[in-house]
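>>> take this sequence and fold it.
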Amino acid sequence: MPSSRKPMRYGHTEGHTDVCFDDTGSCIVTCGSDGDVRIWENLDDDDPKSINVGEKAYSCALKNGRLITAVSNNTVQIHTFPEGAPDGILTRFTMNANHVVFNSDGTKVAAGSSDFMVKVVEVTDSSKQKTFRGHDAPVLSLSFDPRDVYLASASCDGSVRVWKMAEQTCTTSWPLLQKCNDVINAKSICRLGWQPGSGKLLAIPVDKVVKLYRRETWDSKFDLSDTFITQPLNVVAWSPCGQYLAAGSVDGSMVVWNVETQECIERMKHEKNYSICGLAWHPKFKQIAYTDTEGNLGLLENIGDGKKPNDKGAGTVTKDYNDLFDGEDDDYLNGDMVEPQSSPKSGTNEDDGDDDDLMPTSGHPRRAIIDDDDNSLDIGMIKASSNLLEKDNDDEDGDQTGGFPALPPSSTQQPFYDGPMPTPKQKPFQSGSTPAHLMHRFMVWNSIGIIRCYNDEQDNAIDVEFHDTSIHHATHLPNSLNHTMADLSAEAILLACESTEELASKLHCIHFSSWDANKEWTVDMPKDEDIEAICLGQGWAACATSALLVRVFTVGGVQREIFSLPGPVVSMAGHGEQLMIIYHRGTGFGGDQCLGVQLMELGKKKKQILHGDPLSLTKKSYLIWVGFSAEGTPCYVDSEGIVRMLNRGLGNTWIPVCNTRDHCKGKSDHYWVVGIHENPQQLRCIPCKGSQFPPTLPRPAVAILSFKLPYCQVTTEKGQMEEQYWRSVVFHNHVDYLSKNGYELDENARSQSVKEQQELLMKLFALSCKLEREFRCVELADLMTQNVVNLAIKYASRSRRLNLAQRLSEMAVEKASELATAPEDEEEEEDFRKHLNAGYSNSATEWSRLPVRNVQHLEMEDAEETDAYEEAEETPEVPKQRLNPFSKVVTSAEVTTLTSAVIAPSSQGRVNPFKVSSNKKDPVVPSANVLDTMSKYSKKTSLSSSRAMNKQNPPVIKPLIPKPKSKQASAASFFQARTPNFSEKAVEGNEEKAGNESNEVKVAAQENTENKRPKTGFQMWLEENRANILTDNPDLNEAEVIKEGMSRFRLLSAEERMVWTEKAKGGAVNDLTEDKKRKRPTADEVKKNQEQKSEDSNLSKKPKPLEQSTNVRLSAFAFKQS
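Numbers count the residues shown, from 1 in each chain. Okay, here's the model as predicted:
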């Protein structure tokens, strides 16, 4: 063959070497692993100019006097050409870029990096960048569409993708290459190329052939191959005219084809069989410069001269004729092969088959029009509708010289769509895992431990390591089934694998905490159902499958509930009884994901908390972590680094609590979240320098970030304290949630948090006082607890703000009367009754009758009725009803011993909020003391357990001796509602005191034996009316008589009941009580006005147990007096 090859030149040290020509072809430019760029005037140039650009140069590109290089410090740099003066950094990645390339006019540069990113940057203004995310492994090579519409990229994840640059969306993706985890392990660097000029064809080297894909339809037009090629091809390069295509292989073979005729016109072998890694055509002559992986440069000249096509004229005619049809018709013909963007695996196999039928070797797909019937045309039109616009533009670019009409649009043709493009849906993932294609990866890293997977030549295995080895020792498991998902809890290890041709998808559980000998179980999924996400909770495991099902199992392997998901799962998390599932609610647009979240409780009472609410993500971001805090609050993190947490205190809304990007030093640094703690407030994560996730070795160190709510003006003192206050509130919501669900809690932490919140409010109050914002002061006081309001009153009067002090004291009175009447947590109770009555007969049960009591707004009498219950031996039933909704563990036996403990506080529990102690020695506690005492809480009392537990602890009532003051203070101050620390005005003091003492008598009475107890109004009424009840209902037993009596007694007017109460109390207690009785109705009226909306006046859960110490002291005092 007449083409000649010059002897090769040593250009760079061993390693990957890249080559290009300058715009005019006057010199050859190479770069290599020595970090130098060399400018050769010709191959015989003995002293090429050298520019050092870094430690290693991976790729270079040259246009319009600008030299772009991808360097080992993870940057893409610009140098002037030919001077070689540095001209700034164009862009940075978190790992090195592997390929850089200019677009046809030299205005943009594309770079693909080992951190899976592709960026397109404008050369003149590097701030204008577009990032293309979607590859799951390092990017090997890129190629710009000559028309600047598309960008093609090849990656180690095995895919070649075509991106639409304007929308930053992936138009199509072909799984063509062999998967690997890094560029050095890739069989081929797959340098692909678009046909210059029209951009009609995209050439991709796949193994030993070059596949040519057609623009717009993205179907495989034909393959170029040759027997001379025995090893995979590494690079392809188009001649500037677009007629010839050169390819170089890993064993040094080079081949040139005439693309139109598909015949091979050159074959050449590298003199040392080194792998060809760079090819460049001369812009004017038929020359190709090439480089190998050992740093050498070579040149081929006079390419194809022997077979130069002499029918140049005819050639152009056919080309134009081809172009008439290529743009439009081939789309119509093969449209049915166009896959919708959601399925990345387009059917390459069918494509090849079909194309072979359609295409004669000349490459004119003419007879296909006759073969295809109308239907396929329509399907193609419909499926390719999103590409129609670009096809239309094809014709405008002047390819169509003759006015040859395109095919008439078929009847079903869709109108052109020019709206926002759908975002590709995020794939399912396990939180705390790193990408599955890595040889060594984390399968999960959570608060229990770490599961690593090794999949290399020696070993396919899983290592499990526990942070706390007392849970279990570290374990090494074989991974013969190729498990790709894992979760870890303190009870079990859960693994799952996808299905293969032979095997079904399996869920495998190693229940290491089981007390029997068989600790493992496996479940096979039904055929064609793949597990996509798994999680573990306390006593259960769950998996979400491709059939849009969630399957729940016990940790021992019993199948439990199954339910359907509204969309494909994204991720799942479990904690205790809670299961959180994130799934695709629909298709997002403009780069946004459209996710929904379900939160369920799988305990004894199964319920759904979040019913598929939309999940809020930052714009154009996706979900990267979902889980629970150590205390059981749902949280998630998006790709912009925003951590959000469920705010149970505001109707289950999501609040952003941290932005990890604020803590990152560089743009390419990330924090990889592994756990969240609310007390102490810690976000545990792994800093990843220059990447999005950590490597398994060396073992990553965990960093702790603090939380910060995005409040405004946090640099000012006011903003800072507001942020701290609300953060404290949000991060202590879990306390109420857990205690409601029967968990034990540390009361110290609890009182500490309230103390901290009240201190912040007091500081804000003082600040607002200084700024003379008195209205704001009142607003702040509204958030304070009773004793802190008194402190605020004191502060206001000391700073001579008497109007403010007056308003605050009015508020204090209001708060006091609210406390005296307000039922806490009405919502829960209401909810519980609603469910209770939902499907059952509305017989006169304790619960169904409660609302009546509500309407009557009675409270004193309730206490008496309860006494009657106790006397009538009905004790077990009442408390059981009361405790049931909050306590998981009350048994009737315990309840009987408990009655007085429970009933005393719950029935008379409205304590005087202003009173320090019953003998009223120090009316106002010194201001410092209030907050100080909050923390001095001794653990001797049995108050540290949950409220439910408290109710069961008989020792609470034991002593009649006054308790140490600090306990009373903290018990009171912790529940902001009850704070008997201050007395404010004499009148209120007297009234409340009187109230208390009547209550005290009752407590004392209850704590003593039945025979000492004075009769209640209800008992006296019952004695007189028993006969009437029995005549109406002769078959009632004693308990039922009392029940019936109670319901009738409640129907009496307040005044009538008051009369009976007065009778009963006759001379039993001192005059103060009588005083209280007379004042009582006013309190009732207040209550009526204020508590219209409340659901239950007696069933408060929170403060009861905490008051017992106070109540016991008061009762002791009252008892002595009586």
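
>>> all strands for the stretch 51-200 of the chain, in order.
57-63, 66-71, 75-80, 86-92, 97-102, 108-113, 118-122, 129-132, 139-144, 150-155, 159-164, 169-175, 193-194 (DSSP state E, counting those that start in this stretch).

>>> sheet-wise, list the partners of the first one with their directions.
Looking back up the chat, that one is strand 57-63. Strand pairing for strand 57-63, using DSSP bridges, gives strand 66-71 (antiparallel).

>>> dump the C-alpha coordinates for the strand it pairs with into CSV.
Presented in CSV, the C-alpha positions along strand 66-71 are these (Å, rounded to 0.1, in the frame of the first residue of the first chain):
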residue,chain,number,x,y,z
ARG,A,66,-5.8,27.7,23.6
LEU,A,67,-4.3,24.5,24.9
ILE,A,68,-6.4,22.6,27.4
THR,A,69,-4.9,19.9,29.5
ALA,A,70,-6.3,17.5,32.1
VAL,A,71,-3.8,17.2,34.9
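
>>> quick check: mean pLDDT of that strand?
Mean per-residue pLDDT for strand 66-71: 90.

>>> repeat that for stretch 656-663.
Stretch 656-663 shows a mean pLDDT of 93.

>>> what is the neighbour count of Lys763?
Lys763: 16 surrounding residues under other CB atoms under 10 Å. Placement of C-beta: from N, CA and C, glycine included.

>>> now the closest residue to Ile676 other than its chain neighbours: how far from Ser505?
The spatial neighbour of Ile676 that comes closest, neighbours along the chain excluded (CB to CB, 6 or more residues apart in numbering), is Ser629 at 4.2 Å. Distance, Ser629 to Ser505, using CB to CB, to the nearest Å: 31 Å.

>>> which residues touch the residue nearest to Ile676?
Residues near Ser629 by CB atoms under 8 Å, 6 or more residues apart in numbering: 635, 645, 676-678, 734.

>>> out of those residues, name the ones that lie in strands.
635, 645, 676-677 (DSSP state E).

>>> can you redo those residues as JSON lines with distance to Ser799?
Output for the ones in strands among the contacts of Ser629, formatted as JSON lines (distance: CB to CB, whole Å):
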{"residue": "Cys635", "distance to Ser799": "42"}
{"residue": "Met645", "distance to Ser799": "38"}
{"residue": "Ile676", "distance to Ser799": "42"}
{"residue": "His677", "distance to Ser799": "40"}
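
>>> report the buried members of those residues.
635, 645, 676-677 (16 or more other CB atoms under 10 Å).

>>> now do the helix or strand hosting Asp736, average pLDDT.
Element membership for Asp736 (DSSP states H and E) is helix 733-740. For helix 733-740, mean pLDDT rounds to 86.

>>> give me the helices and strands touching it, please.
helix 747-770 (3 or more CB pairs under 8 Å, 6 or more residues apart in numbering; DSSP states H and E).

>>> show me where the stretch 151-300 of the chain has its helices.
For the stretch 151-300 of the chain, helices defined by DSSP state H, counting those that start in this stretch do not occur.

>>> which residues does Val76 bridge with?
Under the criterion used here (DSSP bridges), Val76 is bridged to Ala70, Thr91.

>>> I meant Ile39, not that one.
Listed by DSSP bridges, the beta-bridge partners for Ile39 are Val29, Lys49.

>>> so what's it up against?
So, once contact is read as CB under 8 Å, 6+ apart, Ile39 ends up touching 27-29, 48-51, 81-82, 84.

>>> now for those residues, which pair is the farthest apart?
Ile28 and Gly84 (15.1 Å; CB to CB).

>>> of these two, which one has the most company?
Legend: neighbour count by other CB under 10 Å for Ile28 and Gly84, higher for Ile28 (26 against 16).

>>> check contacts around the closest residue in space to that one that isn't next to it in sequence.
In space, Ile28 comes closest to Trp40 once its chain neighbours are excluded; the distance is 4.4 Å by CB to CB, 6+ apart. Contacts for Trp40 (CB under 8 Å, 6+ apart) come out as 9, 11, 27-30, 48, 297.

>>> just the buried residues of the residues you listed.
For the contacts of Trp40, buried by 16+ other CB under 10 Å: 9, 11, 27-30, 48, 297.

>>> can you add distance to Asn98 and pLDDT and give these back as TSV?
Below are the buried ones among the contacts of Trp40 laid out as TSV (distance: CB to CB, whole Å; pLDDT from 0 to 100):
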residue	distance to Asn98	pLDDT
Arg9	25	85
Gly11	20	86
Cys27	25	90
Ile28	21	91
Val29	18	92
Thr30	17	93
Pro48	24	86
Leu297	20	89
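
>>> nearest to Ile655 among those?
Nearest to Ile655 among the buried ones among the contacts of Trp40, with distances taken as CB to CB, is Val29, at 54.7 Å.

>>> and the gap between that closest one and Tyr274?
On the measure of CB to CB, Val29 and Tyr274 end up 20 Å apart.

>>> tell me which element Leu503 falls in.
Assigned by DSSP H and E, Leu503 belongs to neither a helix nor a strand.

>>> do Ser431 as well
Counting by DSSP H and E, Ser431 is found in no helix or strand.

>>> give the contact list for it.
With the criterion set at CB under 8 Å, 6+ apart, Ser431 makes contact with 444, 446, 571, 573, 625-627.

>>> neighbours of Ser571, how many?
Other residues near Ser571 come to 26 when the count uses other CB under 10 Å.

>>> quick one: it from His483, how far?
Taken as CB to CB, the span from Ser571 to His483 is 17 Å.

>>> check contacts around Pro435.
136-137, 441, 693.

>>> before we move on, what SS does it have?
Classification of Pro435 into helix, strand or coil gives coil, according to DSSP: H, G, I helix; E, B strand; the rest coil.

>>> domain parsing for this protein?
Following the TED database, one finds the domains of the chain at 4-301, 440-708, 733-817.

>>> turn those into CSV, including distance to Thr423.
Converted to CSV, those look like this (distance: least, CB to CB, whole Å):
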stretch, distance to Thr423
domain 4-301, 7
domain 440-708, 4
domain 733-817, 33
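
>>> wait, which of those is closest to Pro424?
Nearest of these (CB to CB): domain 4-301, 5.8 Å.

>>> quick one, phi psi at Glu1055?
Backbone torsions of Glu1055, given as degrees, to the nearest 10, read phi -60, psi -40.

>>> what residue ranges in the stretch 201-350 of the chain score low on pLDDT?
Applying pLDDT under 70 to the stretch 201-350 of the chain picks out residues 306-350.

>>> equivalent analysis for the stretch 1-150 of the chain, please.
1-2.

>>> where do the helices sit along the stretch 651-800 of the chain?
717-730, 733-740, 747-770, 774-783, 786-798.

>>> for the fourth one, which outside residues touch it?
By CB under 8 Å, 6+ apart, the residues outside helix 774-783 that reach it are 761, 764-765, 768-769, 789, 792, 796, 801, 803-804, 807-808, 811.

>>> list the buried residues in that helix.
Those would be 774, 776-778, 780-781, 783, for helix 774-783 by 16+ other CB under 10 Å.

>>> packing partners of the helix or strand harbouring Gly612?
Using DSSP H and E, Gly612 falls within strand 607-614. On a contact count with 3+ CB pairs under 8 Å, 6+ apart, strand 607-614 meets strand 595-601.
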